[in-house]
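# Fold the following and give me the result.
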Amino acid sequence: MTRLAPRDPATDNVQVLPWSGDDRELLPLLQRGGATAAAMIYDRFGADVHRAIGRCLGPDVERDDVVHDAFVQILRGVGKLRDPAALRGWVAAVAVNTARSELRRRRLRRLLWSSEPVPEPAAKPVDPEARDLLRRIYARLDRLGTTERVAFVLRFVERHQLAEVARLMDCSLATAKRRIARASARFAELAADDPELAARFRGAP
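Sure thing, here's the model as predicted:
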């Protein structure tokens, strides 16, 4: 069951406590909608969605907006889901697809308005070396096509198995392998002038 705290006397709003049930209980509650649905699904999957989108986009000032868009899509589509066991994987796929759509939108925007500035990172790692490594990685990823970029991130950054990459990208296993191979080869070309970066991803599983 969903857990509701007493009403907040200051606002007269019902407070939603952290979800402690499983997805079999959660799915029907989400499908009923209502004021608590958004809070419950964010409590359950917020960290996963932030991480997936953050890895696809890189450090980015607009990341929170993209996360918001993903949860809008999740709340709109959850009513069609029938298998509670598929909920977590479906949410992850929506997050990845939302990130892909954002990357495509940016690519088109850059083509139409080539002078548009690139968003600055929203939150930089404390470690200067880590910050520099991220900058170098995403400078190369920015030169990959959207599909190859997402395939590379899912496989080599998120470390998903091939079958999971295929599921998240809604393609066959053979197609996922081809995308990963193309992305890996292209990234290696782009990182050829950076021995440390090339070595980090050389032979990645």
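# Are there helices or strands packed against the longest helix seen in the chain, and which ones?
Ranked by residue count, the top helix of the chain under DSSP state H comes out as helix 87-112. The contact analysis (3 or more Cβ pairs under 8 Å, 6 or more residues apart in numbering; DSSP states H and E) places helix 87-112 against helix 23-32, helix 37-57, helix 63-77, helix 146-152, helix 162-168. (C-beta placed from N, C-alpha, C; glycine too.)
# among those, which is nearest R178?
With Cβ to Cβ as the criterion, R178 lies closest to helix 146-152 of those, at 9.0 Å.
# what sits up against that closest one?
Helix 146-152 has contacts (Cβ atoms under 8 Å, 6 or more residues apart in numbering) with 56, 96, 99-100, 103-104, 107, 141-142, 144, 165, 169, 176, 179-180, 182-184, 186-187.
# of those, buried ones?
Among the contacts of helix 146-152, those scoring as buried are 56, 96, 99-100, 103, 141, 144, 165, 169, 176, 179-180, 182-184, 186-187 (criterion: 16 or more other Cβ atoms under 10 Å).
# Give the burial count for E62, as a bare number.
13 (other Cβ atoms under 10 Å).
# again with L190
Around L190 there are 18 residues (other Cβ under 10 Å).
# One more: L173?
Number of residues near L173 (other Cβ under 10 Å) recorded here: 12.
# what sits against it?
Listed by Cβ under 8 Å, 6+ apart, the contact partners of L173 are 162-163, 166.
# Repeat that for Q31.
78-79, 81.
# Put together a markdown table for those, with pLDDT, neighbour count and distance to D60 on each row.
Output for these, formatted as a markdown table (pLDDT from 0 to 100; neighbours: other Cβ atoms under 10 Å; distance: Cβ to Cβ, whole Å):
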| residue | pLDDT | neighbour count | distance to D60 |
| --- | --- | --- | --- |
| V78 | 92 | 19 | 26 |
| G79 | 90 | 12 | 30 |
| L81 | 90 | 16 | 29 |
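# hang on, the earlier thing: which element follows the longest helix of the chain toward the C-terminus?
helix 128-141 (DSSP states H and E).
# and that next one, C-alpha only, in PDB?
Output of helix 128-141 as PDB, limited to C-alpha atoms (Å, rounded to 0.1, in the frame of the first residue of the first chain):
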ATOM      1  CA  PRO A 128      39.500  18.900 -11.300                       C
ATOM      2  CA  GLU A 129      40.900  15.800 -13.000                       C
ATOM      3  CA  ALA A 130      37.400  14.200 -13.100                       C
ATOM      4  CA  ARG A 131      36.000  17.400 -14.500                       C
ATOM      5  CA  ASP A 132      38.600  17.400 -17.200                       C
ATOM      6  CA  LEU A 133      38.000  13.800 -18.000                       C
ATOM      7  CA  LEU A 134      34.300  14.300 -18.400                       C
ATOM      8  CA  ARG A 135      34.900  17.300 -20.600                       C
ATOM      9  CA  ARG A 136      37.200  15.300 -22.900                       C
ATOM     10  CA  ILE A 137      34.800  12.300 -23.000                       C
ATOM     11  CA  TYR A 138      31.700  14.400 -23.900                       C
ATOM     12  CA  ALA A 139      33.600  16.500 -26.300                       C
ATOM     13  CA  ARG A 140      34.100  13.300 -28.400                       C
ATOM     14  CA  LEU A 141      30.600  12.100 -27.700                       C
END
